[in-house]
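In: how does the following fold in three dimensions:
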Amino acid sequence: MIYDFCVIGGGIVGLATAMELLRREPAASLLLLEKEPALATHQTGHNSGVIHAGVYYAPGSLKAELCRRGSAATQDFCRQHGIAFDVCGKLLVASTAIEWARMDALHARARHNGLRVERLDAAELQRREPNIVGLGALWVEATAIVDYRKIAQAMARVVAAAGGDIRLGTQVTSIAETHDSVSVGAGDVRWKARKLVACAGLQSDRLARLAGLETAFQIIPFRGEYYRLPASRKDVVKHLIYPIPDPDLPFLGIHLTRTIDGGVTVGPNAVLGLAREGYRKFSVEPRDVARYLAFPGFWKVMRTHFASGLGELKNSLSRRGYLEQCRKYCPTLELADLLPHEAGIRAQAVLRDGTLVHDFLFLDTPRMVHVCNAPSPAATSAIPIGSMIADRILG
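Out: The predicted structure follows:
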């Protein structure tokens, strides 16, 4: 049998792509391969669970548009499939004069992106969130929370109901393109498909090289370490609490995030990972480390972000340092409140010149689309991203 489509990757982007391909071509045959024994095992299942509204992205940019559309589409999908979500809103808190100055630009950007944003002074911030302090804040009403694993599982059910063949525990070991098909191997098993889409996340560069493509980038893993507050502190905030981000850094800073199960997480920081898929603290995969140490772009990134990297490392090694970051806006937190919680790992694409890739990065051939970078917030934007990928593979 030759499948019409093969999708590699059972995260939310791969599942959204498979769902869209079968929606557009209901009679098509589709094979989805996932190397783990369950779906949404990596980035999809290890994020903060936020449905972002699109505050941070340049007005008119693709990321801003995809986020806006993705937020609405994600909430519609949840309603259709009975998945709980909560539009709890977000406060971006300015704790310093520098952050206060940055808030002006962020406010203007959010309004240009069509969002309802309210600027709060210190007194109004304290009234809305008695445990939070700051010089002021931006109130973003449209931000929501959800469990993305449940969304991924529902997408898989849609794919299966449309005739898609989902294979778990199937690690791809070979990809070969010919003039009329793509051959995909997993050990001794082989399949053929007329078109292939690879949504491999943390392994996207390796899958592209496996397919014989030249890659001028490499995935460098960054661990996002979280803590969880005890149940006794679950009411410490009513909304999501974020700092005003540094525009020169690719990460949003440590924040307080309500979760759909009623808890509150604190994090993440952003430290260099020693394993692409090692979620335990101090996990090391020598192959992963050796690969990025040999990559010129890695050293350029380290030089550019050396100071901020040291600060993140300090917070990783010291709970007290991490607590200091949180207490800038939530001074009632104590060291005993920071309970262990599973980390996430961000697949950061880096070019050979040290540029951090913040936009979409695709490698296309006549019969393949490799999604090498799907920038944050990819989970929020997964449904329109899947549509965009379908345009590429069908076009």
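
In: any idea how far residue 273 is from the closest residue in space to residue 345 that isn't next to it in sequence?
Out: Of all residues not flanking residue 345 in the chain, residue 221 sits nearest, at 5.0 Å (CB to CB, 6 or more residues apart in numbering). Every C-beta, even on glycine, is put in place using the N, C-alpha and C of the backbone. Distance, residue 221 to residue 273, using CB to CB, to the nearest Å: 3 Å.

In: joint contacts of the two?
Out: 288, 345 (CB atoms under 8 Å, 6 or more residues apart in numbering).

In: so for those two, which sits in the more crowded spot?
Out: residue 273 (26 against 21; other CB atoms under 10 Å).

In: dump the residue contacts of that one.
Out: With CB under 8 Å, 6+ apart, residue 273 has these contacts: 220-223, 283, 288, 345.

In: gap between the longest strand belonging to the chain and the chain center?
Out: The longest strand of the chain (DSSP state E) is strand 189-198. Here strand 189-198 is found 26 Å from its chain centre; the criterion is CA atoms, centre = their mean, to the nearest Å.

In: same question, stretch 174-185
Out: 29 Å.

In: mind listing what's buried in it?
Out: By neighbour count on 16 or more other CB atoms under 10 Å, the buried set for stretch 174-185 is 175, 177, 181-184.

In: looking at the residues you listed, which is nearest residue 18?
Out: residue 184 (14.6 Å; CB to CB).

In: what average pLDDT does the lengthiest helix in the chain get?
Out: Using DSSP state H, we find that the single longest helix of the chain is helix 62-81. Helix 62-81 shows a mean pLDDT of 95.

In: again, but for stretch 349-366
Out: Stretch 349-366 comes out at a mean pLDDT of 94.

In: and what of stretch 85-104?
Out: For stretch 85-104, the per-residue pLDDT averages 94.

In: and for stretch 143-156?
Out: What stretch 143-156 shows for mean pLDDT is 98.

In: contacts for it, please.
Out: With contact meaning CB under 8 Å, 6+ apart, stretch 143-156 is reached by 10-12, 15-16, 18-19, 39-40, 44-45, 47, 49-53, 71, 74-75, 77-78, 81, 83-90, 166, 240, 257-261, 379, 382.

In: what's the burial count for the residue lying closest to residue 298 once chain neighbours are set aside?
Out: Spatially, and ignoring its direct neighbours in sequence, residue 298 is nearest to residue 292 (4.6 Å; CB to CB, 6+ apart). Using other CB under 10 Å, the number of residues around residue 292 comes to 21.

In: ok, residue 293 next?
Out: 9.

In: thinking again about what came up before, so which of the contacts of residue 273 belong to helices?
Out: Cross-referencing the contacts of residue 273 against helices under DSSP H gives residue 288.

In: tell me the one of the contacts of residue 273 nearest residue 25?
Out: residue 345 (33.7 Å).

In: and the pLDDT for the closest one?
Out: The model's pLDDT for residue 345 equals 95.

In: can you map out the strands along the stretch 251-395 of the chain?
Out: Secondary structure of the stretch 251-395 of the chain (DSSP state E, counting those that start in this stretch): strands located at 255-258, 264-267, 271-272, 339-340, 344-351, 361-364, 368-373.

In: contacts for the longest one next, please.
Out: To tie it back to what came earlier, the one meant is strand 344-351. 42-43, 46-48, 201-202, 204-205, 216-224, 226, 250, 268, 270, 273, 276-279, 295, 297-298, 301, 356-357, 361, 372-373, 376.

In: try the first one
Out: Outside strand 255-258, the residues that touch it by CB under 8 Å, 6+ apart are 48-50, 86, 88, 145, 236-237, 239-243, 264-267, 326, 330.

In: sorry, back to before: mind checking which of the contacts of stretch 143-156 land in helices?
Out: Those of these lying in helices (DSSP H): 12, 15-16, 18-19, 71, 74-75, 77-78, 81, 382.

In: coming back round to it: who does the longest helix of the chain touch, helix- and strand-wise?
Out: If you count contacts as 3 or more CB pairs under 8 Å, 6 or more residues apart in numbering; DSSP states H and E, helix 62-81 packs onto strand 50-51, strand 85-86, strand 144-146, helix 148-161, helix 382-394.

In: all set now, cheers.
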